[in-house]
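*Asks:* Sequence and predicted structure below; questions after.
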2 protein chains.
Amino acid sequence: VRVAPPARARERELAERVVASFAGAPDDRLRHLLQALSRHLHAFLTEVRLTEAEWRAAIDFLTDVGHITDDRRQEFILLSDVLGASMQVITINDEAGDGATDSTVLGPFFLGDAPVIERGGDIAAGAPGEPCWYSGQVTDTRGTPVAGAEIEVWMADETGRYDVQYGDGRRAGRGRLFADEAGRYAFWALTPTPYPIPHDGPVGALLAASGRSPMRAAHLHFTVTAARHLPLTTHLFRRGDEFLASDSVFGVKDSLVTDIRHPPAGTPAPDGRDLAGATWSSARFDIVLAPG
Amino acid sequence: VRVAPPARARERELAERVVASFAGAPDDRLRHLLQALSRHLHAFLTEVRLTEAEWRAAIDFLTDVGHITDDRRQEFILLSDVLGASMQVITINDEAGDGATDSTVLGPFFLGDAPVIERGGDIAAGAPGEPCWYSGQVTDTRGTPVAGAEIEVWMADETGRYDVQYGDGRRAGRGRLFADEAGRYAFWALTPTPYPIPHDGPVGALLAASGRSPMRAAHLHFTVTAARHLPLTTHLFRRGDEFLASDSVFGVKDSLVTDIRHPPAGTPAPDGRDLAGATWSSARFDIVLAPG
């Protein structure tokens, strides 16, 4: 867009006044954030030549996002997610560096009160889906096992729902366990399946209007913590999943994409469990923690 | 901030994926807006190295803005105002060009149903404050009078309140009149006084934390419309007002700053009105409309 120099000068002068208005903020970091926000906001507005009708539509959109948000639904986080902002903040603050397992978004369904299970136990607790045997080893970046690392996992069932969405207070598809003295862990859960983020609100409307899918690539959530190591928040993604390249919250990292193997029919389960003829799968996911 | 090249590359790659995710938006303008928004948002996040705690504070702030917003209070517009975004949108879309009266923000107190008064009438209608006689001429950019131009004016009283804030449904400090065949108008209203924008919510807290005043420079609102001319939305500001340089919504333009004159005691009012010895003031404000 061509803008006449006098108009451009007026716009620049206004942006500079806004930046200057924050010069007296007593907190250095707050001043830096608000001045940078002002610069980028005005750069956006003047670059796209935002119209008054578009400004009004943006105000109405944010108002709708605010009004659907309550103690149980956080549409602003969802907005941050679909704009990649949540994942960018994770990426910026990832101190683990090369060699450690990559991190990704925590998501809205972490509770921190998952029931503790034995190694080899089943976190599904009745959540419907195909059983999947997960196993692996927790080590540090030099390959030394991290004995006793605490692992919390949670996931959606095959209908795309987490336990908190059942609405009956049940805990299912969620568990906590500890690695053994060699850092090894194993548990039963479900084969992960893709599901949509909540898309019946303004963020869903935004995705629909822009031709984007609300689907998340199939995944299992992990947090892993151990003394003297950086905590890790990540996902295991399923290799071959159709939504890996279009994950609606940009959470996929290639290093986290894992084979989910289906053994030939009749293969006994790794722990001898009787699955009554049902199909099952297995995945190996080794975890590397950075020094803390 | 120094960021290692591999980390910088990961951040850039993520931002590019977000931009690309909107490539399929069927509406050209929406695609352009969302791609530009994504670029500027990620440029901001990576430049300031936003922490997870700051991200969370931003989510909480927007949530509070959303929850205080209702049919009577629009905190998102207030936020747009104090970031200069509202004024920038006005500036970008001001088509009037040089020679016409500058425009400024409409503000939240325009109603569109102001009572019609005769030329020379009083719009105060009981709103407390010092009487001020406003007069001027409406012309086009070639100096030709605009006969019959419709002028709507509204203002806060000397306590800083607009009529809608009285809470009793009264209309006061608000009126509509028509210029005569020579484009001339005159009316009584009040000498404008500074007042704060609503600052008991999250936007007020933001201003306080950043050392900014919520005060608006004293002003009188005008909208002026006439056939075959661009509509004008503007303010008359008071020369010498202490908040001209720190107007909380960045609405001041030098060209709109006007002398409010106080005549010597005992000077008769311009229209012979009996002011019972009260002080009064006067201002001349000529208006130039651009061709429509």
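*Replies:* Sure, I can see it.
*Asks:* List the contacts of the closest residue to A:Arg170 other than its chain neighbours.
*Replies:* Nearest residue to A:Arg170, sequence neighbours excluded (C-beta to C-beta, 6 or more residues apart in numbering or on different chains): A:Asp163, at 5.5 Å. Every residue, glycine included, has its C-beta placed from N, CA and C. Residues in contact with A:Asp163 (C-beta atoms under 8 Å, 6 or more residues apart in numbering or on different chains) are A:127, A:170-174.
*Asks:* Among those residues, find the lowest-pLDDT one for me.
*Replies:* Across these, the smallest pLDDT goes to A:Arg170, namely 92.
*Asks:* Contacts for the longest helix along chain A next, please.
*Replies:* Determined from DSSP state H, the single longest helix within chain A is helix A:28-48. Residues outside helix A:28-48 that contact it (C-beta under 8 Å, 6+ apart) are A:3, A:8, A:11-12, A:14-15, A:18-19, A:22-23, A:25, A:50, B:32-33, B:36-37, B:40-41, B:43-44, B:47-48, B:50, B:54, B:83-85, B:88-89, B:92, B:209-210.
*Asks:* which among those residues end up buried?
*Replies:* Neighbour-count burial within these applies to A:11, A:14-15, A:18-19, A:22, A:25, A:50, B:33, B:36-37, B:40-41, B:43-44, B:48, B:50, B:54, B:83-85, B:88-89, B:92, B:210; the criterion is 16 or more other C-beta atoms under 10 Å in any protein chain shown.
*Asks:* would you list every one of the strands in the stretch 101-250 of chain A?
*Replies:* Listed in chain order, the strands found in the stretch 101-250 of chain A under DSSP state E, counting those that start in this stretch are A:131-140, A:150-154, A:174-178, A:184-190, A:195-196, A:215-216, A:219-225, A:232-238.
*Asks:* Looking at the longest one now, give me its mean pLDDT.
*Replies:* I take that to be strand A:131-140. 98.
*Asks:* Check the fourth one too.
*Replies:* Averaged across strand A:184-190, pLDDT comes to 98.
*Asks:* again with the second one
*Replies:* Looking at strand A:150-154 alone, the average pLDDT works out to 98.
*Asks:* now the angle from that strand to strand A:219-225?
*Replies:* 160 degrees (axes from the mean of the first three to the mean of the last three C-alpha atoms, to 10 degrees).
*Asks:* tell me which residues of strand A:150-154 are tucked away?
*Replies:* Buried residues in strand A:150-154 (16+ other C-beta under 10 Å): A:150-154.
*Asks:* any idea how far the longest helix of chain A is from the chain center?
*Replies:* Averaging C-alpha positions (C-alpha atoms, centre = their mean, to the nearest Å) puts helix A:28-48 27 Å from its chain's average.
*Asks:* does the residue nearest to A:Arg261 when sequence neighbours are not counted sit in a helix, a strand or a coil?
*Replies:* Excluding its sequence neighbours, the residue lying closest to A:Arg261 (C-beta to C-beta, 6+ apart) is A:Ser282, at 5.4 Å. Here A:Ser282 is recorded as strand under DSSP: H, G, I helix; E, B strand; the rest coil.
*Asks:* and A:Ser282, what does it touch?
*Replies:* Counting by C-beta under 8 Å, 6+ apart, the residues that A:Ser282 touches are A:132-135, A:260-261, A:263, A:270.
*Asks:* The stretch 51-200 of chain A against chain B: which residues are in contact?
*Replies:* Contacts of the stretch 51-200 of chain A with chain B, taken as C-beta under 8 Å from any C-beta of the partner chain, map to A:51-52, A:54-55, A:59, A:62-63, A:65-67, A:69, A:74, A:76-77, A:80, A:83-94, A:98.
*Asks:* Can you pick out the ones from those that are in helices?
*Replies:* Per DSSP H, the subset of these in helices is A:52, A:54-55, A:59, A:62-63, A:65-67, A:76-77, A:80, A:85-93.
*Asks:* just to revisit the earlier point, and the gap between the residue nearest to A:Arg170 and A:Trp133?
*Replies:* 21 Å (C-beta to C-beta, to the nearest Å).
*Asks:* Relative to A:Asp81, how far out is A:Val18?
*Replies:* Taking C-beta to C-beta, one finds A:Val18 at 28 Å from A:Asp81.
*Asks:* Endpoint to endpoint, stretch A:70-86 covers what distance?
*Replies:* End-to-end span of stretch A:70-86 (C-alpha to C-alpha, to the nearest Å): 19 Å.
*Asks:* what do you get for stretch A:226-234?
*Replies:* 15 Å.
*Asks:* ok, residues contacting it?
*Replies:* By C-beta under 8 Å, 6+ apart, stretch A:226-234 touches A:90, A:95-96, A:100-106, A:138, A:140, A:146, A:148-150, A:221-225, A:256, A:287, A:289-292.
*Asks:* for the strands of the stretch 101-250 of chain A, which one ends up most surrounded?
*Replies:* The highest average neighbour count among the strands of the stretch 101-250 of chain A, using mean count of other C-beta atoms under 10 Å in any protein chain shown, belongs to strand A:232-238 at a mean of 24.
*Asks:* and A:Leu14, what does it touch?
*Replies:* A:42, B:84, B:87-88, B:91, B:250.
*Asks:* Now flag whichever of these is closest to B:Ala182.
*Replies:* For the contacts of A:Leu14, the closest approach to B:Ala182 (C-beta to C-beta) belongs to B:Thr91, at 31.6 Å.
*Asks:* residue contacts, the closest one?
*Replies:* So B:Thr91 contacts A:7, A:10-11, A:14 (C-beta under 8 Å, 6+ apart).
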